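Enquirer: quick one, fold the following:
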Amino acid sequence: MPFAIITRFNLIPQVQANIVGKTIDAIRDSATYARDYAKTIAPVDTGAFRASLYVNGPNDESDYGERTAAAIELRPNARIVPELKAASLDPQVDRLRDRLGRFSLPEAVISSSVEYSLYLEEGTVHSSPRPTLRPAALVAEQRFKALMAEVAD
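Expert: Have a look, this model is predicted:
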């Protein structure tokens with residue numbers, strides 16, 4: 001008994017675009033949440049470290065310049081480190097590439113623009129670690145999973 005399937009509407013491209021858009025929104029939301037959470041637990045001396053916390057990505061979005069300026073205003077002699085960049089769009093192939101040039105999925109980076117943030121996070125021989133970014137990433141991971149569960153539904 002033969003049968004035929006007739007496709008009257010192909011909504012697969014729209015569904016795919018919707019999933020990608022919601023995934024990028026979830027990445028952006030989780031990264032911003034991580035940065036804001038890190039600010040609440042950050043050790044404060046001058047406030048420059050807290051002010052220097054930035055988000056780069058997704059889609060070449062960044063508040064590095066604004067956050068770095070705020071940190072310099074609070075601590076003018078702070079050494080500034082270059083911005084860590086998330087994957088960005090390669091217009092020649094219309095795909096994302098990471099900083100090593102490999103194809104990538106949407107991503108975001110949460111970091112600090114002041115050099116001494118590494119010493120706060122990891123500690124030194126003179127001071128114990130005061131982690132900020134690691135705990136923020138763990139909290140944001142849970143938020144991201146919940147947001148992605150909504151996308152899957």
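Enquirer: any regions of the protein where pLDDT drops low?
Expert: 1 (pLDDT under 70).
Enquirer: and the longest helix for it?
Expert: In the chain, with assignment by DSSP state H, the single longest helix is helix 12-41.
Enquirer: so after it, what's the next helix or strand?
Expert: The element immediately downstream of helix 12-41 (helix or strand, assigned by DSSP states H and E) is helix 48-52.
Enquirer: give me the contacts around that next one.
Expert: Applying CB atoms under 8 Å, 6 or more residues apart in numbering, the set of residues contacting helix 48-52 from outside is 39, 42-44, 67-68, 70-75, 78, 112-114, 116-117, 120, 132. To be clear about C-beta, it is placed using only N, CA and C from the backbone, and glycine gets the same treatment.
Enquirer: ok now it, how far from the chain's centre?
Expert: 17 Å (CA atoms, centre = their mean, to the nearest Å).
Enquirer: next one: residue 32 relative to residue 89, how far apart?
Expert: For residue 32, the distance to residue 89 (CB to CB, to the nearest Å) stands at 20 Å.
Enquirer: looking at these two, which is more packed in?
Expert: Under the neighbour definition other CB atoms under 10 Å, residue 32 and residue 89 were set side by side, and residue 32 has more, 17 against 14.
Enquirer: wouldn't that one be in contact with residue 55 here?
Expert: Yes - contact status for residue 32 versus residue 55: in contact at 5.9 Å, counting by CB atoms under 8 Å.
Enquirer: can you pull the contacts of the spatially most central residue of the chain?
Expert: Against the mean C-alpha coordinate of the chain, by CA atoms, centre = their mean, the closest residue is residue 108 at 2.6 Å. For residue 108, the contact set (CB under 8 Å, 6+ apart) comprises 27, 28, 30, 31, 55, 56, 57, 58, 86.
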